[in-house]
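Undergrad: Task: produce atomic coordinates for the following.
(2 chains)
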Number of protein chains: 2
Amino acid sequence: MNEKVVNAALLGLGTVGTGVYKVIKSQEQEMTAKLGCQVKITKILVRNLEKASGKVDDPSVLTTDWADIEGDPSIDIVIELIGGIEPARTYILAALKAGKNVVTANKDLIAVHGKEILETARAAQKDFLFEAAVAGGIPIISPLKNSLEANHVTEVMGIVNGTTNFILTKMSQEGMEFSDALALATELGYAEADPTADIEGIDAGRKVAILASVAFNSRVTLDNVHIEGITKITAKDIRYAKEMGCEIKLLGVARCQEDGVEAYVCPMLIPAEHPLASVNDSYNAVFVHGDAVGDTMFYGRGAGELPTASAVAGDVFEVVRNMKADCCGRVGCTCYKTLPVKNMADTHNRYFLRLQVEDRCGVLAEILEHFAKYQASVAQIMQKESKRPDTAEVVVITKLVSEGAFFKVKEELENSASVRKISSMIRVYQK
Amino acid sequence: MNEKVVNAALLGLGTVGTGVYKVIKSQEQEMTAKLGCQVKITKILVRNLEKASGKVDDPSVLTTDWADIEGDPSIDIVIELIGGIEPARTYILAALKAGKNVVTANKDLIAVHGKEILETARAAQKDFLFEAAVAGGIPIISPLKNSLEANHVTEVMGIVNGTTNFILTKMSQEGMEFSDALALATELGYAEADPTADIEGIDAGRKVAILASVAFNSRVTLDNVHIEGITKITAKDIRYAKEMGCEIKLLGVARCQEDGVEAYVCPMLIPAEHPLASVNDSYNAVFVHGDAVGDTMFYGRGAGELPTASAVAGDVFEVVRNMKADCCGRVGCTCYKTLPVKNMADTHNRYFLRLQVEDRCGVLAEILEHFAKYQASVAQIMQKESKRPDTAEVVVITKLVSEGAFFKVKEELENSASVRKISSMIRVYQK
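TA: The predicted structure follows:
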């Protein structure tokens, strides 16, 4: 390829689309020195021409018709930023089949249809890159596929949703309740009008599916990931966690073990001295454990206009380099294994349980018998002087136990006449 | 390239060489699925055949003669791990000219002769990769050259020497003095028999030169980097730093400013809430600030057999992928600018100064006049009840001031009759 200009089309001109437009523009002067050519955005697919026209220098690049882009042979790179499953999936597959390279930030799509898209890219010998789909601006997909490739990665875990991390930070640092912290996040623009995908852990679940697939070389899809959100976490849980030396974070965890892959998202207690415990506000951080590299962590902004655009534009530059060297499709699908994904009941964790129990002599022993029955050893227990006449609050942290066994303990406790209520059950992260 | 085997030669079978041998061996079963072929180490250059023979499965791969490797056309990749300038430089240049790709962990060489080697690689259209040269196993060179490429990076800074970070951690956490902490580091194998390059900051300086070159696309060599070590830091300085809300770390700092590049290594106070302040023991961490991505951090093991081997083997796999796609030399030298490097006197910093002064009325005002004369505003000042009869200890932290101006203050203080001694001068990191 000797052209001095590579044409690209942008699908979508929302927050990230506008960011990519800006970042590519800001690189104009250096691009030729960097890549040997200029990247020009010659078409932008939008829904509303009028609304979009104020966002670009030359409104003639705007179109509302996908066929304008699909049928334009001068366009070599399609940058998909409309999000969601359809029509993004149709456009991406069509673009690849039309011989175009594709860059996307679309985690929803990859977490469900990654296989189909990567196979289409392979057949077309084109690049399909998606660094921005996980942890925004933080380089994590490329390090896993390249620099860390000589490792057997056994764990990828971290904070991969900025909205919930902001909420939990406010709850921890300022003692806010969940609903107040969510309201603040909405007011400040950290939470969307409908925050469900964030606070219920679905967004993080998509990222865990993608991270696990890349890290373990075996496809994990969204429906393989056990997902719990943070809506049930209370300021009181966080206070107890702190007294027990921990913070509560919404963690995405993927582990590759001998009997299969574990993949889940849930709020977890994590020791205060763990580097992730001090990742606050809307920052993200991903821990990777490999057999050679040991522990390594990648930290930064997991969302936002320019951080996400940084990752998208980095992928666009990568495509251009591959085009110049005539090696598009150089790193494609890396899922060459088929590992089973374990049921949550077969995972092993530690558990934090906050209980309201009858306040009478012998109750504690009675409760602990349920734990002992299923070999759920107690690591920490805490009971405070009760303010209510006949109810005591007891908090237990167990040692490592299978989730299946622990849920039997929990069920027995729920049915026990001495237990008035199980106020919370939160897992405790243990490496 | 359709061969099923790529042959590589290892130069050196010390700690890292042995690690690379192990890591490549551990990938044997998956390599063909990953890369489409096997990497085989068919020659290893060693000094002592007998000593080395116990470290490999098949001692017939060992040789003491470089010509055996240079002249072997079946070898496509040379992995240089002997370190130092010569004969490494000669071997690498010869390997590239003989049409072989080169992977190295040799920071000493790149920080001085990077330009010559990268130009030779470009002329030969071969890969010259050096992820392991900076921060061991942590992916940082590749993210800067690839994922973060669409940023104007304005700062790269961090903890890039594990030995000194171990020493400073012990001094901070256990109140040890420098000499005791160094003795412990030596005993535990964190410090070499001759620790000069580590404790005097030279090792970190090499890494700063390489990081600055890659991040700012402009060559910075070792002699451009202002270097100070940690030998003068005392447990008392660290105690004062803590009281003032800071930790002391040996930081490598590279900044790209309008009037040029700043590049230095020195012990610095850093606020306790900064993520680098809690990077302890022999861990490394590198902060990158880009105009799009904002702040991002890369954390992990900066040295050691397997972590460093992880980076080396990752580069070897990258070369193999490039060979398969026939695009070696795809990402070469990225220094397409020539930016001036500033003198240390022209940098701006904040300063921590610990002084022994005459203990009489009016001395403090007299001292502060020297600061005021050069517009060095005071941000914090601390004087404690003295135990000695006529000497008081005063600690000052300034606001941002040019190093040139501050050194005039320091010189005047040194010549002042009221100042008995300047016990320490340490810079304070300010973004």
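Undergrad: residues contacting A:Thr391?
TA: Contact partners of A:Thr391, counting by CB atoms under 8 Å, 6 or more residues apart in numbering or on different chains, are A:356-359, A:420. For every residue, glycine as well, the C-beta is placed using N, CA and C.
Undergrad: Please name the nearest non-neighbouring residue to it.
TA: With CB to CB, 6 or more residues apart in numbering or on different chains as the measure, A:Gln356 is the residue that lies nearest to A:Thr391, at 5.2 Å, once sequence neighbours are left out.
Undergrad: Quick one: list the elements packing against the host helix or strand of the one you found.
TA: Assigned by DSSP states H and E, A:Gln356 belongs to strand A:348-358. If you count contacts as 3 or more CB pairs under 8 Å, 6 or more residues apart in numbering or on different chains; DSSP states H and E, strand A:348-358 packs onto helix A:235-243, helix A:363-373, strand A:391-398, strand A:401-402, helix A:403-415, strand A:419-428.
Undergrad: Can you list the buried residues in that strand?
TA: By neighbour count on 16 or more other CB atoms under 10 Å in any protein chain shown, the buried set for strand A:348-358 is A:349-358.
Undergrad: Then stretch A:417-424?
TA: A:418-420, A:423-424.
Undergrad: of the contacts of A:Thr391, the lowest pLDDT goes to which?
TA: Across those, the bottom pLDDT score, 90, is held by A:Asp359.
Undergrad: So the most far-flung residue of chain A relative to its centre, which state does it fall into?
TA: What lies farthest from the middle of chain A is A:Cys361; by CA atoms, centre = their mean that is 46.3 Å. With DSSP: H, G, I helix; E, B strand; the rest coil as the basis, the three-state label of A:Cys361 is coil.
Undergrad: how about the residues of the stretch 101-250 of chain A that lie near chain B?
TA: A:131, A:137-139, A:142-143, A:146-152, A:217 (CB under 8 Å from any CB of the partner chain).
Undergrad: Just name the most buried of the helices and strands packed on strand A:348-358.
TA: For the helices and strands packed on strand A:348-358, the stretch with the most neighbours on average is strand A:391-398, a mean of 20; neighbours defined as mean count of other CB atoms under 10 Å in any protein chain shown.
Undergrad: Dump that one to CSV, restricted to CA.
TA: Coordinates of the C-alpha atoms in strand A:391-398 are reproduced here as CSV (Å, rounded to 0.1, in the frame of the first residue of the first chain):
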residue,chain,number,x,y,z
THR,A,391,-32.4,-8.6,68.1
ALA,A,392,-28.7,-8.8,67.7
GLU,A,393,-26.7,-8.1,64.5
VAL,A,394,-24.0,-10.6,63.8
VAL,A,395,-21.5,-10.4,61.0
VAL,A,396,-19.5,-13.5,59.9
ILE,A,397,-16.7,-13.8,57.3
THR,A,398,-16.0,-17.4,56.3
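Undergrad: The residue nearest to A:Ala254 when sequence neighbours are not counted: how many residues sit nearby?
TA: With sequence-adjacent residues excluded and distances taken as CB to CB, 6+ apart, A:Ala254 is closest to A:Ala212, at 3.7 Å. By other CB atoms under 10 Å in any protein chain shown, the residues close to A:Ala212 number 31.
Undergrad: Equivalent analysis for the one 5 residues further on, please.
TA: A:Asn217 is surrounded by 23 other residues when neighbours are defined as other CB under 10 Å.
Undergrad: Same question for A:Gln380.
TA: Number of residues near A:Gln380 (other CB under 10 Å) recorded here: 17.
Undergrad: and the helix or strand hosting it, what other elements does it pack with?
TA: Counting by DSSP H and E, the element that carries A:Gln380 is strand A:378-383. The elements that strand A:378-383 packs onto, with contact taken as 3+ CB pairs under 8 Å, 6+ apart, are helix A:363-373, strand A:391-398.
Undergrad: quick one: A:Val279 and A:Gly302, what's the gap?
TA: Going from A:Val279 to A:Gly302 by CB to CB, to the nearest Å gives 10 Å.
Undergrad: What of A:Glu80?
TA: Counting by CB to CB, the separation of A:Glu80 from A:Gly302 is 19 Å.
Undergrad: so who does A:Tyr264 touch?
TA: Residues in contact with A:Tyr264 (CB under 8 Å, 6+ apart) are A:208, A:225-228, A:252-253, A:344, A:347.
Undergrad: The residues you listed in helices, which ones?
TA: A:Val208 (DSSP state H).
Undergrad: if you look at the contacts of A:Tyr264, which of them are in strands?
TA: In this view, the contacts of A:Tyr264 that belong to strands under DSSP state E are A:226-227, A:252-253.
Undergrad: which of the residues you listed has the most neighbours?
TA: For the ones in strands among the contacts of A:Tyr264, neighbours were counted by other CB under 10 Å; the highest total belongs to A:Gly252, with 32 neighbours.
Undergrad: ok, which residues in the stretch 301-431 of chain A are in contact with chain B?
TA: By the rule CB under 8 Å from any CB, the part of the stretch 301-431 of chain A lying against chain B is A:301, A:304, A:306-307, A:309-311, A:313-318, A:321-322, A:325-327, A:330-331, A:334, A:336-337.
Undergrad: Just the buried ones from those, in ChimeraX syntax?
TA: Provided next is the ChimeraX selection string for whichever of those are buried by 16+ other CB under 10 Å:
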select /A:301,304,306,307,309,310,311,313,314,315,316,317,318,321,322,325,327,330,331,334
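Undergrad: Run through chain A and note the low-pLDDT ranges.
TA: Within chain A, the stretches falling below the threshold (pLDDT under 70) are A:1-3.
Undergrad: how about the helices of the stretch 101-250 of chain A, start to end?
TA: When assigned using DSSP state H, counting those that start in this stretch, the helices of the stretch 101-250 of chain A occupy the ranges A:107-124, A:141-145, A:162-174, A:178-187, A:196-199, A:202-216, A:235-243.
Undergrad: which one of the ones you listed is the most hemmed in?
TA: helix A:202-216 (a mean of 28).
Undergrad: what angle do that helix and helix A:107-124 make?
TA: Compare the direction of helix A:202-216 with that of helix A:107-124 by axes from the mean of the first three to the mean of the last three CA atoms, to 10 degrees and you get 30 degrees.
Undergrad: Please find the angle between the direction vectors of helix A:202-216 and helix A:162-174.
TA: Per the same axes, to 10 degrees, the angle that helix A:202-216 makes with helix A:162-174 is 110 degrees.
Undergrad: what helices or strands is helix A:202-216 leaning on?
TA: With contacts defined as 3+ CB pairs under 8 Å, 6+ apart, helix A:202-216 has these neighbours: helix A:107-124, helix A:141-145, strand A:153-159, strand A:226-227, strand A:246-257, strand A:260-271.
Undergrad: Can you spell out which helices and strands pack onto the first one?
TA: Taking 3+ CB pairs under 8 Å, 6+ apart as the contact definition, the neighbouring helices and strands of helix A:107-124 are helix A:88-97, strand A:101-104, strand A:128-129, helix A:202-216.
Undergrad: redo that, cut-off 7 Å
TA: Under the contact criterion of 3 or more CB pairs under 7 Å, 6 or more residues apart in numbering or on different chains; DSSP states H and E, helix A:107-124 touches helix A:88-97, strand A:128-129, helix A:202-216.
Undergrad: could these be laid out in TSV, adding distance to B:Ile69?
TA: Written out in TSV, the entries for those read as follows (distance: least, CB to CB, whole Å):
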stretch	distance to B:Ile69
helix A:88-97	43
strand A:128-129	36
helix A:202-216	35
